[in-house]
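Engineer: everything below, folded, please.
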Amino acid sequence: MTEPLVSIIIPVYNVEQYLMECLDSVFNQTYRNIEVIAVNDGSTDGSANILKNYEKKYDNIIVHNQENAGNSVARNKGLHLAKGKYVYFLDSDDFIERETINNLVTAMEKYSLDLIRFAAEPFLDGVEYKNFNKHLYDYSKFFESGRVYKKDEFLKANIKGFSPSPCLYLIKRNLLLENNILFKPKMMHEDELFSLLIYLNTNRAMYDGNFYYKRRYRPGSIMTSQVQAESNKKSFDSYVRLTEEIAELLPKYKNKAERDLLKSRLRSIYIGLRTKDVDMQYKRKKLSELSGLGTLEKIYTYYTYQTRQWIKKQLNFRLTVSR
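Structural biologist: Model prediction:
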């Protein structure tokens, strides 16, 4: 049986300390029919030289150099260059297990899947978090590993098991081409919209509970800076824009499961916006202007959230007292 080509797209920006580990994890895959598309997004450190060395060593790597334009533009360029039946996005400061591509492609081919999701193991590298959650990328509570999900049941599972990271699924390239799905340039949290569009257009999916992906939390990374910037105005405005983008999708998707997922994302983001630490007057103005959720929906969503939080506190208090 001919092994289908897999395009692995890696945006690269100032990651000389981690890039070799990332690239080696790809070239050491047991699955051999891959093309690696590394998009150097205007790196000012030694990343470009590292990519040159890998170009000399391997004939299945494409290196594209461009002026710094952001992660979305870099990934879109990678998609433009990709020729594979399947596409996989890998962040250049992370890495994957040796059997990752082989196991994922085997399942995709065997069950005629559009997409397969999997788990990740996060780890700290030079940073500290008091409440670091090692199970953050384990979705086994929401998905049954190895089960084929048809569209509606997959969308339903994503209401609670939604993950925006494109690094945690392998996808058919045709799904992206046929639905014209790309990353939105100049937008924080762009993964949220990109992954949502993919899920909405997936007909057959699976979850593999293996922790194939190793996600690094380090100083200066996108992941770390987003965690640290969760309360600032830039992040707030970005999520406001995200709700506008999602609200525009509502008229295009008529199926109940599709609309339930869209509404679920709007409610989740709305709660996040309500809890952001920004100027109160500015926050109220922006929240009142949000489309996609009616006034009563907003009130119900927020007070349902408040009630759940109160119940959790009471339960935690009783557990503490009982000990």
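Engineer: as a check, name the ranges of all helices in this protein.
Structural biologist: For the chain, the helices defined by DSSP state H cover 19-27, 47-57, 71-81, 100-111, 151-161, 173-178, 190-200, 222-228, 233-249, 256-274, 280-289, 295-322.
Engineer: list the residues that contact the closest residue in space to Glu178 that isn't next to it in sequence.
Structural biologist: Using CB to CB, 6 or more residues apart in numbering and skipping the chain neighbours, the partner closest in space to Glu178 is Asn201 (8.0 Å). To be clear about C-beta, it is placed using only N, CA and C from the backbone, and glycine gets the same treatment. Asn201 sits next to 114, 175, 178-179, 181 when contact means CB atoms under 8 Å, 6 or more residues apart in numbering.
Engineer: check Phe154 too.
Structural biologist: 199, 202, 205.
Engineer: against Ile159, how distant is the second one?
Structural biologist: Translated: Thr202. Applying CB to CB, to the nearest Å, the value for Thr202 to Ile159 is 15 Å.
Engineer: between the two, which one's more packed in?
Structural biologist: Thr202 (23 against 16; other CB atoms under 10 Å).
Engineer: check whether the more buried one really touches Ile116, as I assumed.
Structural biologist: No - applying CB atoms under 8 Å as the test, Thr202 and Ile116 come out as separate, 10.1 Å apart.
Engineer: helix or strand with the lowest mean pLDDT in this structure?
Structural biologist: Here the helix or strand of the chain ranked lowest by mean pLDDT, DSSP states H and E is helix 222-228, holding a mean of 48.
Engineer: return the set of residues that bridge with the residue found closest to Phe211 once you drop the neighbours it is linked to in the chain.
Structural biologist: Nearest non-adjacent residue to Phe211, counting by CB to CB, 6+ apart: Glu121, 4.3 Å away. Assessed by DSSP bridges, Glu121 has beta-bridge partners Lys214.
Engineer: for Glu121, what are its contacts?
Structural biologist: 134, 137, 211, 213-215.
Engineer: of those, buried ones?
Structural biologist: Buried members of the contacts of Glu121, counted by 16 or more other CB atoms under 10 Å: 137, 211, 213-215.
Engineer: count the neighbours of the spatially closest residue to Glu144 that is not a sequence neighbour for me.
Structural biologist: Excluding the flanking residues, the one nearest Glu144 by CB to CB, 6+ apart is Tyr207, at 7.0 Å. Residues near Tyr207, counting by other CB under 10 Å, number 24.
Engineer: now Val127
Structural biologist: 16.
Engineer: now do it against Arg216, distance only.
Structural biologist: 10 Å.
Engineer: kindly report the same for Thr2.
Structural biologist: Taking CB to CB, one finds Thr2 at 34 Å from Arg216.
Engineer: what residues are up against the closest residue to Glu21 other than its chain neighbours?
Structural biologist: Spatial nearest neighbour of Glu21, excluding adjacent residues (CB to CB, 6+ apart): Phe95 at 5.3 Å. Counting by CB under 8 Å, 6+ apart, Phe95 makes contact with 21-22, 24-25, 214.
Engineer: from what I see, Ile101 and Tyr31 are in contact.
Structural biologist: Yes - using CB under 8 Å, Ile101 is in contact with Tyr31, at 4.0 Å.
Engineer: which of those two has more neighbours?
Structural biologist: Each of Ile101 and Tyr31 has its neighbours counted (other CB under 10 Å); Ile101 has more, 24 against 17.
Engineer: who's in contact with the more buried one?
Structural biologist: By CB under 8 Å, 6+ apart, Ile101 lies in contact with 6, 8, 29-31, 34, 88, 170.
Engineer: JSON lines please, covering the residues you listed and showing pLDDT and distance to His189.
Structural biologist: Shown next, in JSON lines, are the contacts of Ile101 (pLDDT from 0 to 100; distance: CB to CB, whole Å):
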{"residue": "Val6", "pLDDT": "98", "distance to His189": "27"}
{"residue": "Ile8", "pLDDT": "98", "distance to His189": "23"}
{"residue": "Gln29", "pLDDT": "98", "distance to His189": "30"}
{"residue": "Thr30", "pLDDT": "98", "distance to His189": "34"}
{"residue": "Tyr31", "pLDDT": "98", "distance to His189": "31"}
{"residue": "Ile34", "pLDDT": "98", "distance to His189": "29"}
{"residue": "Tyr88", "pLDDT": "98", "distance to His189": "21"}
{"residue": "Leu170", "pLDDT": "98", "distance to His189": "22"}
